[in-house]
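> Sharing a model that was predicted from the sequence below.
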Amino acid sequence: MVWYWLLYAYVTLIAFMGLNSSKLVTLQAKRFNLLMLSTVLVLFAGLKGLEVDNDAVNYSAWFDSIPDTGFSADSLKDPGFFLIGSFLQYAGLSITWLFVGYALIMVFFKMKLLLRTKEIALIGLFFYLYFCRFYFVHEMTQIRAGAGIALASLASVCFYRKENAKAALLFFAALSFHLSVILFAPFAVLVLFNYQFKSKGILILGLFLSFIGAPLVSNLMLVLKLDEFERLSPYLNQAYELSSISIFSSYLIVRLVLLIYILFAFWDRLDLFNRQLVYITTAGICAQVLLIHNDVFALRFSEVFSVFDVLFFLIPFSFLKKPMLTAYTLAFFLLGFVFFTSSLKIMGDYIVL
């Protein structure tokens with residue numbers, strides 16, 4: 001596991017250097033550091049061996065079967081994977097290039113989003129917390145979902161900036177990788193109709209209804225027999241092993257506490273983008289609470305909004321003053337450390353393919 005710890009130390013160092021406001025670390029140096037960090041994250045995920053995570057072997061088998069099966073009904077479920085895999089097979093390239101390509105998509109489009117929304121110091125902090133909480137889940141394991149989420153997240157920012165054609169293209173590309181990103185659609189519609197996301201009362205009501213509605217949703221799933229649907233049964237029947245439900249529950253609690261704090265301390269000072277960000281994060285929290293009786297399904301819903309969840313944790317950095325800012329920064333890095341140690345549980349020893 002030493003390679004994971006070395007990567008953690010490197011990501012942490014870049015985050016701290018981004019926070020450094022002295023002239024010893026220039027703006028150009030910070031940009032170069034982020035470029036190098038992005039490159040390292042892509043290569044680390046792309047060059048992994050098949051034994052490193054739980055999904056790589058399945059992806060490899062699927063990739064190898066493309067020349068024999070060709071375009072079929074199954075390909076329509078995941079056209080993004082089929083198209084990229086077919087191109088690589090035609091070019092005579094190995095599965096390594098598939099992993100590198102997916103990692104590049106995920107890291108590149110996140111960086112594009114961040115450069116449009118955050119200053120350099122906060123980008124380093126974003127990658128620190130994202131790496132600790134989601135990097136092993138998406139960039140190294142659930143790569144189809146990770147690619148779709150990265151594209152859909154950038155699409156949401158483009159909708160916010162009224163770049164509707166680009167946003168629509170990104171969103172449909174995201175759907176080709178993973179259908180779960182359809183959960184972004186309601187927010188895209190609200191933005192298109194110039195909804196201002198001003199009411200915090202709606203958020204509080206949504207949280208209240210999700211807590212009292214959780215038992216009803218659990219019973220409704222049983223009545224509708226959703227576990228008989230092929231695409232849903234692995235989640236509803238708990239076929240996927242959830243390795244660390246404790247950290248999942250902690251993640252939910254931490255976001256709830258921070259949400260309540262932001263609503264009552266900063267809400268009136270947030271701009272439109274950050275209000276939209278809070279709405280998206282709240283929707284993810286409500287979905288988790290409603291599905292809390294099915295840990296795996298709830299976790300999958302929480303991960304769809306992963307990029308915005310991490311951006312959500314950055315909001316206090318724009319408003320807090322010392323000594324509260326110092327305390328929050330320390331808590332931020334400690335939280336990341338806890339997430340990192342938990343995320344390691346889903347990974348095998350790192351080897352190069």
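Cool, got the structure. Residues are numbered from 1 along each chain as shown.

> all contacts plus neighbour counts: C-alpha atoms, from now on.
Noted.

> which parts of stretch 260-279 are buried?
Residues 262-263, 267, 270, 274-279 are the ones in stretch 260-279 that count as buried (16 or more other C-alpha atoms under 10 Å).

> so can I have a markdown table of these showing secondary structure and pLDDT?
Converted to a markdown table, the buried residues of stretch 260-279 look like this (DSSP: H, G, I helix; E, B strand; the rest coil; pLDDT from 0 to 100):
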| residue | secondary structure | pLDDT |
| --- | --- | --- |
| Ile262 | helix | 95 |
| Leu263 | helix | 94 |
| Trp267 | helix | 94 |
| Leu270 | coil | 94 |
| Asn274 | helix | 94 |
| Arg275 | helix | 95 |
| Gln276 | helix | 94 |
| Leu277 | helix | 94 |
| Val278 | helix | 96 |
| Tyr279 | helix | 96 |
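
> Among the residues you listed, find me the one that's closest to Ser306.
Of all those, Ser306 sits closest to Leu277, with 11.3 Å by C-alpha to C-alpha.

> how about the closest one, what does it touch?
308, 311-312 (C-alpha atoms under 8 Å, 6 or more residues apart in numbering).

> Give me the subset of these that lies in strands.
Judged by DSSP state E, strands contain none of the contacts of Leu277.

> Could you dump the residues you listed into CSV and include pLDDT?
Shown next, in CSV, are the contacts of Leu277 (pLDDT from 0 to 100):
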residue, pLDDT
Phe308, 95
Leu311, 96
Phe312, 96
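
> just to revisit the earlier point, tell me the one of the buried residues of stretch 260-279 nearest Val254?
Ranked by distance to Val254 (C-alpha to C-alpha), the buried residues of stretch 260-279 are led by Ile262 at 12.3 Å.

> that older thread, which one of the buried residues of stretch 260-279 is nearest to Lys321?
Proximity of these to Lys321 (C-alpha to C-alpha) peaks at Ile262, which lies at 14.7 Å.

> can you tell me how far that closest one sits from Ala331?
16 Å (C-alpha to C-alpha, to the nearest Å).

> Centre-most residue in this structure?
When C-alpha atoms, centre = their mean is applied to the chain, the residue found nearest the centroid is Ser306 (2.9 Å).

> Show me the shaky parts of the stretch 151-300 of the chain.
Along the stretch 151-300 of the chain, segments meeting pLDDT under 70 span 218-248, 294-297.

> all helices for it, in order.
For the stretch 151-300 of the chain, the helices defined by DSSP state H, counting those that start in this stretch occupy 164-177, 185-192, 200-224, 233-236, 245-265, 272-290, 295-304.

> Stretch 278-288: how far from the chain's middle?
13 Å (C-alpha atoms, centre = their mean, to the nearest Å).

> ok, Val217 - contacts?
Going by C-alpha under 8 Å, 6+ apart, Val217 touches 290-291.

> do you know how far it is from Leu325?
Taking C-alpha to C-alpha, one finds Val217 at 40 Å from Leu325.

> quick one: contacts for Ala188?
For Ala188, the residues meeting the contact criterion (C-alpha under 8 Å, 6+ apart) are 156, 159.

> just Val257 next, same as before
Here Val257 is in contact with no residue (C-alpha under 8 Å, 6+ apart).

> try Ile292
Contacts of Ile292 (C-alpha under 8 Å, 6+ apart): 214, 298.

> Quick check on it: phi, psi?
With angles defined as degrees, to the nearest 10, Ile292 sits at phi -60, psi -20.

> Distance check, Phe319 against Arg269.
For Phe319, the distance to Arg269 equals 9 Å [C-alpha to C-alpha].

> just to revisit the earlier point, for Ala56, state which of the buried residues of stretch 260-279 is nearest.
Of these, the one sitting nearest to Ala56 (C-alpha to C-alpha) turns out to be Leu277, at 32.1 Å.

> Which elements pack onto the helix or strand harbouring Ser65?
Using DSSP states H and E, Ser65 falls within helix 56-69. Where contact means 3 or more C-alpha pairs under 8 Å, 6 or more residues apart in numbering; DSSP states H and E, helix 56-69 is packed against helix 79-90.

> quick revisit: okay but the residue nearest to the centre of the chain is in contact with Cys132, surely?
No: shown here, Ser306 and Cys132 do not form a contact pair, counting by C-alpha atoms under 8 Å, at 11.8 Å.

> Let me know the pLDDT of Thr141.
On the pLDDT scale, Thr141 is placed at 93.

> Oh, that last question was meant for Leu104, not what I typed.
96.

> What's the local residue count around it?
As a burial measure, Leu104 scores 21 neighbours (other C-alpha atoms under 10 Å).

> Could you do Ala155 as well?
Number of residues near Ala155 (other C-alpha under 10 Å) recorded here: 28.

> State the distance from it to Val304.
14 Å.

> And for Leu314?
In this view, Leu314 and Val304 are 18 Å apart by C-alpha to C-alpha.
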